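Asks: Need a 3D model of the sequence below.
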Amino acid sequence: GAPGTCSGYSMNTAGGIWYTVQGWDGPMTVDLSGSSFDTRLGIYTGSCGSLVCVAGDDDSGTSTTSLVTWTGNAATTYYIYVTGYSTN
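Replies: The predicted structure is shown next:
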């Protein structure tokens, strides 16, 4: 299912997909530049039912795509939710 909001961005207006990545100590970036649609992006930690927003974005990438950089932690698993703006 879709999370509610992240960094003030609604994440439940369109279908989306979850990814997971093990963190590392240092900067981590997700860049959706090159996508063919208007994207939104949410980065979370925690567990299902109690996710915590780390960072979210709408339009910091090329054109109307999303790009987020945050400081990672090697002991943390990050959950990345990719969705579209509005109904994209």
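Asks: going forward, measure contacts between C-alpha atoms and count neighbours the same way
Replies: OK.
Asks: What's the end-to-end length of stretch 64-73?
Replies: End-to-end distance for stretch 64-73: 29 Å, by C-alpha to C-alpha, to the nearest Å.
Asks: Then stretch 7-25?
Replies: Using C-alpha to C-alpha, the end-to-end distance of stretch 7-25 comes to 22 Å.
Asks: now stretch 4-18
Replies: 14 Å.
Asks: same deal with stretch 81-88?
Replies: One end of stretch 81-88 sits 14 Å from the other (C-alpha to C-alpha).
Asks: Other residues contacting that stretch?
Replies: Contact with stretch 81-88 is made by 2, 11-19, 37-43, 58, as judged by C-alpha atoms under 8 Å, 6 or more residues apart in numbering.
Asks: since we're on residue 19, how many residues are nearby?
Replies: Neighbours of residue 19 under the rule other C-alpha atoms under 10 Å: 10.
Asks: from what I can see it touches residue 44, true?
Replies: No. With contact defined as C-alpha atoms under 8 Å, residue 19 does not count as touching residue 44 (10.4 Å).
Asks: who touches both of those two?
Replies: Common neighbours of residue 19 and residue 44, using C-alpha under 8 Å, 6+ apart, are 79, 80.
Asks: Need phi/psi at residue 75.
Replies: Main-chain dihedrals, residue 75, degrees, to the nearest 10: phi -90, psi 10.
Asks: For residue 76, see how far away residue 16 is.
Replies: Applying C-alpha to C-alpha to residue 16 and residue 76 gives a distance of 22 Å.
Asks: more crowded one of those two?
Replies: residue 16 (18 against 14).
Asks: Surely that one and residue 2 touch.
Replies: Yes. Shown here, residue 16 and residue 2 form a contact pair, counting by C-alpha under 8 Å, at 7.0 Å.
Asks: ok, what's across the strand from residue 50?
Replies: On the basis of DSSP bridges, residue 50 is bridged to residue 47.
Asks: quick one: pLDDT of it?
Replies: In this model, residue 50 is scored at 92, pLDDT.
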